[in-house]
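Student: Kindly return the folded structure for what I paste below:
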Amino acid sequence: MTGPLDFAKHLNAGFRPRVRRAYARLRRDLHLDLWFPHVVLAAAIALFGLLRISPAIARALHLHLFSNTHAVQSAALMYSAASGVPGVVIGVFLIIMAIGMLLRSKLAWVIVILILAASLIFGILKPSASSSTLLVYNVILLVATLVSYRSFQRSSVAAGTLFAVTSIALLLVYAVFGSLELGAQFKPPITDLATALYFSVVTVTTVGYGDITPQTIEAKLFVVSFIVLAVAIFAVSLGAILVPVINGRLASLLKPGEKKMQRSNHFVIVGDTALGDYTCRELQARHEQITFIHKQEGASATHAGQDIVVGNPSSLEVLRKAGVEQAKAVLALSEDDNENAFMVLAVRELAPTVKTVVRVRDLHNLESVKRVHPDLIFSPQLLGGELLAMALSGEQINTAKLLGQLLQFRP
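Tutor: Next up, the predicted model:
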């Protein structure tokens, strides 16, 4: 019967594991976890936003520079701004959402996907001679963002607030320039920015004085679209801000034993064992942060008040929740050598540069565990055998040799 360690042995003997290990070394040498792919994608998205804005800016500058009178210049600028609203709104939204991508926000990732898809559809429906390169860039950016979904799993109040502020600001831009473009179809007509802003704010706040009203079907449909967008944006914005707060509060109420902490630059310990408890005690004495991974709730009363994540330690989702990607090291200290080996494989896939420490209980599994390439192998049984042999034979205790038997570092 083939066991998990035999499977791990087979898995690490072929071409794919060698490629994975080479990639892990590359990530470690280039410090990719610090900037790839979120920083690269954020910069590319911000660049795409600038490219969407630049035509409207260039057109406005051209009309401004080559118009003779101030009145003509002002009218030209208004027309240029109004006619370029879709591209400007998409561009500004992408630039601001790029900040959320830097924070690895899942909400920002979802919004960017939606905007890129909408931009692609808009570009296909309204093609122009100069948009083919932009469309290709849009497709590449959309595919790259979709492929990188694992790097954007954070949910935060900051990202939700950023989305809310940006959405409301762009909603007002849409309302102001839209009402200004259709100004002649209102009674009284909307002829300047101040009046357009006044009408937009009065409408979005549901005050509705009624002093400015749409008169044509086109103007009425515009106002309806504005109101629908306002209701949707306010609802989504409220949820984006409140949901992370409420979820965190509910988690603290439902799981009072799960201590809330910033999971970064910490140690992750797997295994409800005496060795795990003593290791935790010594690390905390050195002012280190600890996160435990337990298979089930209430695994040990010893860890009451500690930061605990419940779930399968070989699950990538559980490892992400425990903050493995930002950890100093992951310690697999359970009694099951197979479970420890599988957990190392999972950590290697999720965070190749994070150090892994493995306890080996059965010496028959030592060579198999070595094949999953942990950074440090801890073998108390091997140390005990060496000590007994030295004591019984009257041999002088060799500290360096004992340390080499107890801790076996990966070359």
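Student: Count the neighbours of K355 for me.
Tutor: 16 (other CB atoms under 10 Å). Quick note: C-beta positions are derived from backbone N, CA and C, even for glycine.
Student: you'd agree it is up against L376?
Tutor: Yes - with contact defined as CB atoms under 8 Å, K355 counts as touching L376 (7.2 Å).
Student: Which parts of the stretch 201-350 of the chain are strands?
Tutor: 213-214, 267-270, 290-294, 307-310, 329-332 (DSSP state E, counting those that start in this stretch).
Student: Nearest to S132 among these would be which one?
Tutor: strand 213-214 (37.8 Å; CB to CB).
Student: Tell me which strands the closest one pairs with, and in which orientation.
Tutor: Paired neighbours of strand 213-214 in the sheet (DSSP bridges): strand 186-187 (antiparallel).
Student: can you pull the contacts of S334?
Tutor: V270, G271, D272, T273, P313, N340, R359 (CB atoms under 8 Å, 6 or more residues apart in numbering).
Student: how many other residues sit next to the closest residue to it other than its chain neighbours?
Tutor: Leaving aside its chain neighbours, S334 sits nearest to G271 (3.5 Å; criterion: CB to CB, 6 or more residues apart in numbering). Counted by other CB under 10 Å, the residues lying close to G271 total 25.
Student: Relative to A285, how far out is G271?
Tutor: 19 Å (CB to CB, to the nearest Å).
Student: same question, D277
Tutor: Distance, D277 to A285, using CB to CB: 13 Å.
Student: Between these two, which has more neighbouring residues?
Tutor: D277 (18 against 8).
Student: Select from the strands of the stretch 201-350 of the chain the stretch with the lowest mean pLDDT.
Tutor: Out of the strands of the stretch 201-350 of the chain, strand 307-310 stands lowest, with a mean of 85 (criterion: mean pLDDT).
Student: counting contacts, what elements does it pack onto?
Tutor: strand 290-294 (3 or more CB pairs under 8 Å, 6 or more residues apart in numbering; DSSP states H and E).
Student: contacts for the strand it packs on?
Tutor: Residues contacting strand 290-294 (CB under 8 Å, 6+ apart): 261, 263, 266-270, 272, 276, 280, 283-284, 300, 303, 306-311, 313, 318-319, 322-323, 327.
Student: Show me which of those residues are buried.
Tutor: Buried residues within the contacts of strand 290-294, defined by neighbour count using 16 or more other CB atoms under 10 Å: 263, 266-270, 272, 276, 280, 283, 303, 306-310, 313, 318-319, 322-323, 327.
Student: wait, what's in contact with T145?
Tutor: L41, I45, W109, V112, I113, L116.
Student: what's in contact with the helix or strand containing the third one?
Tutor: Using DSSP states H and E, W109 maps to helix 106-125. Taking contacts as CB under 8 Å, 6+ apart, the residues outside helix 106-125 that touch it are 45, 48, 52, 86, 90, 93-94, 97, 99-101, 131, 134-135, 138-139, 141-142, 145-146, 149, 152-155, 159-160, 162-163, 240.
Student: Just want to check the distance between the nearest residue to L172 once chain neighbours are set aside and A169.
Tutor: Take L172 and drop its neighbours on the chain: the residue closest to it by CB to CB, 6+ apart is S200, 5.7 Å away. The gap separating S200 from A169 is 12 Å, by CB to CB.
Student: ok, which stretches of the stretch 201-350 of the chain are helices?
Tutor: 217-254, 274-285, 316-321, 337-350 (DSSP state H, counting those that start in this stretch).
Student: deepest of those, which one?
Tutor: Of all the helices of the stretch 201-350 of the chain, helix 337-350 has the most neighbours on average by mean count of other CB atoms under 10 Å, namely a mean of 22.
Student: Give the residue spans of the stretch 101-250 of the chain that score low on pLDDT.
Tutor: For the stretch 101-250 of the chain, the stretches flagged by pLDDT under 70 are 125-131, 155-159, 240, 243-250.
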